[in-house]
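Chemist: would you be able to build a 3D model of this:
(one chain, ligands or ions: 2)
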Amino acid sequence: MIELKNVSKHFGGIKAVEDVSLNIREGSITGLIGPNGAGKTTLFILRTFQIAHEFENLTVRENLMMVPDGQIGESILHTWISRNRIKIQEKENHTKATKVMKFLNLDHLESEKAGSLSGGQKKLLELGRTMMVDAKIVLLDEVGAGVNKTLLKKIGESIKKLNKELGYTFFMIEHDIDFISSLCDPVIVMTDGSVLTQGTVNEIKNDDRVIEAYLGN
Ligand SMILES: Nc1ncnc2c1ncn2[C@@H]1O[C@H](COP(=O)(O)OP(=O)(O)O)[C@@H](O)[C@H]1O
Ligand SMILES: [Mg+2]
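Modeler: Numbers count the residues shown, from 1 in each chain. Ligands and ions are numbered 1, 2, ... in the order given. Below is the predicted model of the structure:
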């Protein structure tokens with residue numbers, strides 16, 4: 001689903017990413033791990049399909065409904081000539097947002113302002129926003145950082161469900177090895193801007209070069 005060939009990114013003299021080639025298989029949940037400074041985030045920056053951040057003062061539902069592009073109601077001209085089409089489109093978005101909230105168990109937070117959500121709930125909302133445009137591939141950079149264990153489990157379950165039921169592909173940078181073990185296959189290991197190895201969690205865990213890379217840092 002994503003193919004990288006000989007990708008490099010330098011910042012001045014720093015070779016943040018150096019000659020990386022890799023494939024993300026469609027339908028996989030591929031993990032990306034490696035010590036701090038390995039170049040993981042930079043690799044993601046190279047190609048972002050990012051949906052802008054949530055608006056703190058809008059509710060969960062509003063944040064979902066505003067994601068789809070090309071809403072005719074956004075054009076002043078159309079508000080004069082296409083009232084019916086605007087209504088139909090809004091109704092579709094409304095229905096879709098309802099489905100997304102159900103899917104992610106966010107329905108009880110429908111009217112909450114995004115700004116009052118916990119870190120983990122915001123991550124769920126972020127997943128919900130990708131669902132509004134049927135993203136199909138989602139890149140997550142440390143989605144588990146600062147999220148409590150209970151919510152992390154919920155996020156993990158949502159990722160699995162999106163993968164199994166809706167065919168989403170995930171490419172995710174993560175530190176929490178339990179979280180990775182429960183989700184990712186394969187796992188790609190980066191060190192010093194390059195791909196060190198790739199394999200199942202068990203293969204990675206028992207690879208001396210991986211252990212050394214972490215200890216060395
Ligand atoms: N915008 C930037 N300007 C200069 N150096 C950067 C920038 N972003 C990242 N780097 C450097 O590139 C290297 C890789 O960083 P990063 O991709 O953030 O690693 P990781 O996400 O694996 O911790 C580090 O040495 C970091 O200091
Ligand atoms: Mg990073």
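
Chemist: CA atoms for contacts and neighbours, from now on please.
Modeler: OK.

Chemist: doesn't Val147 make contact with Gly119?
Modeler: Yes: using Cα atoms under 8 Å, Gly119 makes contact with Val147 at a distance of 6.1 Å.

Chemist: how close does Gly167 sit to ligand 1?
Modeler: 27 Å (Cα to the nearest ligand atom, to the nearest Å).

Chemist: can you tell me the SS state at the nearest residue to that residue once chain neighbours are set aside?
Modeler: Excluding its sequence neighbours, the residue lying closest to Gly167 (Cα to Cα, 6 or more residues apart in numbering) is Gly27, at 5.7 Å. Classification of Gly27 by DSSP: H, G, I helix; E, B strand; the rest coil places it in coil.

Chemist: just the pLDDT for Gly27.
Modeler: In this model, Gly27 is scored at 97, pLDDT.

Chemist: so who does it touch?
Modeler: 163, 167-170 (Cα atoms under 8 Å, 6 or more residues apart in numbering).

Chemist: kindly report the residues of this structure close to ligand 1.
Modeler: Contact residues (Cα under 6 Å from any ligand atom) of the chain with ligand 1: 11, 16, 36-42.

Chemist: any weak-confidence spans in this protein?
Modeler: Residues of the chain meeting the criterion pLDDT under 70: 46-52, 70-82, 217.

Chemist: all strands of it, in order?
Modeler: 2-11, 14-24, 29-33, 137-141, 169-173, 187-191, 194-199 (DSSP state E).

Chemist: which residue is nearest the middle of this protein?
Modeler: Leu140 (3.2 Å; Cα atoms, centre = their mean).

Chemist: dump the residue contacts of it.
Modeler: So Leu140 contacts 170-173 (Cα under 8 Å, 6+ apart).

Chemist: quick check: the residue nearest to Gly167 vs ligand 1, distance?
Modeler: Distance, Gly27 to ligand 1, by Cα to the nearest ligand atom: 24 Å.

Chemist: hang on, the earlier thing: out of the strands of the chain, which comes closest to Leu215?
Modeler: strand 187-191 (11.8 Å; Cα to Cα).

Chemist: tally up the residues packed near Ile14, please.
Modeler: Look at Ile14: counted by other Cα atoms under 10 Å, it has 11 neighbours.

Chemist: and what of the one 10 residues further on?
Modeler: Neighbour count of Ile24, defined by other Cα under 10 Å: 19.

Chemist: which residues does it contact?
Modeler: 1-3, 30, 171.

Chemist: filter those to the buried ones?
Modeler: If you count burial by 16 or more other Cα atoms under 10 Å, the buried members of the contacts of Ile24 come out as 30, 171.

Chemist: farthest pair within the contacts of Ile24?
Modeler: Farthest pair in the contacts of Ile24, by Cα to Cα: Glu3 and Thr30, 12.9 Å.

Chemist: these two touch, right, Gly156 and Ser181?
Modeler: No: applying Cα under 8 Å as the test, Gly156 and Ser181 come out as separate, 10.8 Å apart.
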